[in-house]
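Undergrad: fold the following.
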Amino acid sequence: MIIEKMCDQTRPLTWPDEKLSNLAVNFATRQILEEIENPGVQRIRVFEGDGIRVMSAMKGLPQIRKRFDIVIQVDTSSGIEENIAIQLGFSPNRVKLNEFLKTKSFLIFLDDGFGWTNLYEVGKEWWNSNNIQKIVCITRRLRIYSPTRTEDLLIRLDHHLLSWDLFCLNFGEIMHPSCFQHKGIDVVEKCCGHLLAVVLMARALEKVQFDFSVWEHACYMLSSQHNGSQMVDRVLCNTLAFILGRGSDSAHECLKYCAFFMERKEMDKVDLIQQWIKHALISKFDEGQKIIGELASAFLLESSKNGSSVRIREEIREVLVNSLFLLRGGRVLTKEPSDEEWEELFEIQLMNNKFSKLPNSPNCPQLYTLFLQNNRYLRAIPPLFFQNMPILQILDLSHTKIRSLPHSLFGLAQLKTLLLRGCKLLMELPPEVGELHNLKVLDFEGTKIIRLPVEVGKLTNLTSLKMSFYGGTDDRWKDNQYNSSRIIPQNVVSNLLQLEELIIDVSPDDKRWNSNVKDIVEEVCQLDRLNILQIYLPEVLLLNDLWKNASSSSSLTNILGMHIRFTVGSHMKRIISRIPLDVAAKFGEEERYLKYVNGECFPIEIEKILEEATALFLDRHSTATSLSEFGSGTMEYLKCCVLAECDEIQAIVDADVNRYLYLKSLEYLNVYYMKSLKSMWKGEFQQGALSCLKVLALNTCPQLTTIFTINMIFSLRNLEELVVEDCPKIESLIAIHDHNYAKAMLDFPKLKKMSLHYLPILVSISYGLIIPPKLEWMSLYDCPSLKTLYLEEVQSKDLRTITGEAKWWEELKWNDSERFGPPNLDSIFVPIYWAKDLTTQLAEINVQHQARMQETKPSQHPTGPSDSMKAPSVEDRTRSK
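TA: Numbering: from 1, shown residues only. Okay, the predicted model is just below:
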């Protein structure tokens, strides 16, 4: 089995990232849920340190609360049954406890610590086949030898990362930028343990490398739902739809020929190509050879007989034979498909094209999924377009130029997902939307919709609602009929009791929102299934209302355990943000973020959020002199921090104010326009502080004099990218008094990119004390005092690009006057020109740099024998192990 041989090559397990840990937890949780209705599995043991997180995740699931009468957690350090009796109010009467539990469906979590409880000895008198009864035990230490089984099912969390190891083996390590690592984890999670799908997706994404929109689309495609009677394998079907949708028509047709006519046997390559030519699928023999190579590289075909023959994988053949697709996404079509092409199709992909019209009323009796997103020339949909699509369930019209929705859309009785994201010309959501009673997902983020129709309150099956509203205080709104109305009618939100995700995006200067936000907060607190909440709160006091209402309504009782994305503070929307788009995007990816704008002092409500937040954007705080002033907490989960225009901040961390603020989880620190910032750290630097920092960007800090001290460098072992721009008082990156300090100890072992721009008095990068052995990119621009470089600073064998002014490069000297500069650096130097925009030039150079790095990257695809394979799920492999 090729997949099994790949699994043998996977690297030793590591847990470098919380998101990767979440992947294992989610897979383990899913496995337990699959066994809930299985009467043969009553006692489950979860092994590994994050088992506690599995327990927490399970306890918070709505289906668990519905399915079981009793859900409790018990420590096994003392008597298990005694503790259960105490919790249920039966102590010390064990007989009544046994009788009570025998009549109930229960889920009991045991925290077994470092012991090894025999689960067959627990509650022998409780079991009743008429009820659903489970014991889930969390154990941190595995016994090397046990003469008998002590559970029905053993789940090891490390086994659930096999999918990720397999993805990396076929794609390569995704270390930079880490947003792609997180997106890769999303892809693996959506493959649901299907190892063949993981391999196929990894190889498909390797071809596009770091095109974020493609990765986003991959995650979206993997999430698509299908009619079970028509689809052999949903995950594999979605995977093939993504891969074939991006390939050429000829390759798609050639693969379909293999599925229908190879009859489950291998076929000589020459004979196969000749058959393709005979059936007019291709015209040239060379074209056939190229297609076979592409399909084999993509893992869609496998070679046999020393490469002279090929065969199609059986799982892929089954899906292709049983699927009906029209895959025309990304072909830049200027004309829509004919009416005949729409008939008898199950799924149609027409995204990323250039046609401006659609058929008037295509006949699509079996159409389940329709993707029309990113057709930017599509301005209108014919009135009867959806009339003959009776079972359509997924419709994506995102990022089109449509101004209205046709009436026929609201007759789609089976529609479950409606995506209108980024339709910037769409200003109204018709009241007829309330007729879509089966709708579960409604997304109109990024539209210009003015208000929510009250009829949305009828969509009681909604689990995800993402909204953007257009409004403001300019002259256009003074006489507008909507100016005095509510953005969201009263009692609409509170009526959507199935909501698990709620995103409300409003303009901060929209007076309608500011007038009614308090009522919306009260309604939100009634949604007891809510797990993701994004909302703008103009006042800090509204946070207090959120805590108070959530507590009194017995809903949202664990707000800080949710995925919360709060923007807090009154402010006016900026026409042009001074924060780069990639930084804003990274901030928005985090699960629990807080954007605090125009703040004063340090409210206790803000401190509470920061204790759980994974991202902080502190914008224009008027009094803070450091992050250390935000309470005595540690901000231990904070991974991304953006600080902008906080005029009083003099140091990022002041250890004299809070000596426990280590920022030990921080990965991204971006600082902009801080006119009083003098140093990164004030006071004694704590061991382990900033130890996870990957990206540090310092922009326009006129008083900044100290970036790194020697003690800090010892801690920054994971730094991958450093950007310092427009900091006129920086003379060197490292502040030292003894330049003879032992050089071998001062290195950034993972630093790959260094950009130093607009530093007028920068004399030296580090006086040769910082040695970056993995440096790939060095950009130096408008640093007129930097006349000398040290050989130690450019000795990386991975260095592929150096940028700067041509004249500066010609006049550059090397510190060791008796030696010439390093060889071959001229070949990787790329000049920057004064007459062109710096950002534009660097973006173009970076594209060339990525190509150079790709040329030197070794192939990641493992080789192995060409026998057939069947990809077991992660869960199946876990049970077998």
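Undergrad: tell me which element E607 falls in.
TA: Using DSSP states H and E, E607 maps to helix 604-610.
Undergrad: ok, and what's touching the helix or strand that that helix is followed by?
TA: Helices and strands here follow DSSP H and E; after helix 604-610, the next one along the chain is strand 615-619. Contacting residues not belonging to strand 615-619 are listed as 569, 571, 587, 590, 592-599, 610, 624, 627, 635, 638-646 [Cβ atoms under 8 Å, 6 or more residues apart in numbering]. From N, CA and C alone the C-beta is placed, and that goes for glycine too.
Undergrad: go again using 7 Å as the cut-off
TA: 587, 590, 593-597, 610, 638-646 (Cβ atoms under 7 Å, 6 or more residues apart in numbering).
Undergrad: filter the residues you listed down to the ones in helices?
TA: Among those, DSSP state H puts 587, 610 in helices.
Undergrad: just to revisit the earlier point, quick one: the helix holding E607 to chain centroid distance?
TA: With Cα atoms, centre = their mean, to the nearest Å as the basis, helix 604-610 stands 25 Å off its chain's centre.
Undergrad: before we move on, the earlier item: narrow the contacts of strand 615-619 to just the buried residues.
TA: Neighbour counting by 16 or more other Cβ atoms under 10 Å classes 587, 590, 593-597, 610, 638-646 among the contacts of strand 615-619 as buried.
Undergrad: quick one: the strands in the stretch 601-750 of the chain?
TA: With DSSP state E, counting those that start in this stretch, the ranges of strands along the stretch 601-750 of the chain come out as 615-619, 640-644, 651-654, 668-672, 679-682, 695-699, 721-725.
Undergrad: could you export the ones you listed as CSV, including distance to V433 and mean pLDDT?
TA: Shown next, in CSV, are these (distance: least, Cβ to Cβ, whole Å; pLDDT from 0 to 100):
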stretch, distance to V433, mean pLDDT
strand 615-619, 33, 93
strand 640-644, 36, 93
strand 651-654, 47, 94
strand 668-672, 39, 94
strand 679-682, 51, 92
strand 695-699, 42, 95
strand 721-725, 45, 95
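Undergrad: would you convert those into JSON lines that also reports distance to G184?
TA: Conversion of those to JSON lines gives the following (distance: least, Cβ to Cβ, whole Å):
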{"stretch": "strand 615-619", "distance to G184": "20"}
{"stretch": "strand 640-644", "distance to G184": "18"}
{"stretch": "strand 651-654", "distance to G184": "30"}
{"stretch": "strand 668-672", "distance to G184": "18"}
{"stretch": "strand 679-682", "distance to G184": "31"}
{"stretch": "strand 695-699", "distance to G184": "18"}
{"stretch": "strand 721-725", "distance to G184": "19"}
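Undergrad: so which of those gets nearest P773?
TA: With Cβ to Cβ as the criterion, P773 lies closest to strand 721-725 of the strands of the stretch 601-750 of the chain, at 14.8 Å.
Undergrad: any residues touching that closest one, and which ones?
TA: When contacts are defined by Cβ under 7 Å, 6+ apart, strand 721-725 is touched by residues 694-700, 707, 730, 751-759.
Undergrad: so where is the stretch 51-200 of the chain shaky, pLDDT-wise?
TA: For the stretch 51-200 of the chain, residues meeting the criterion pLDDT under 70 lie at 51, 60, 91-92, 113-115, 141-149, 173-180.
Undergrad: which residues in it form helices?
TA: Ranges of helices within the stretch 51-200 of the chain are 51-59, 62-67, 80-88, 94-102, 162-171, 178-190, 195-208, based on DSSP state H, counting those that start in this stretch.
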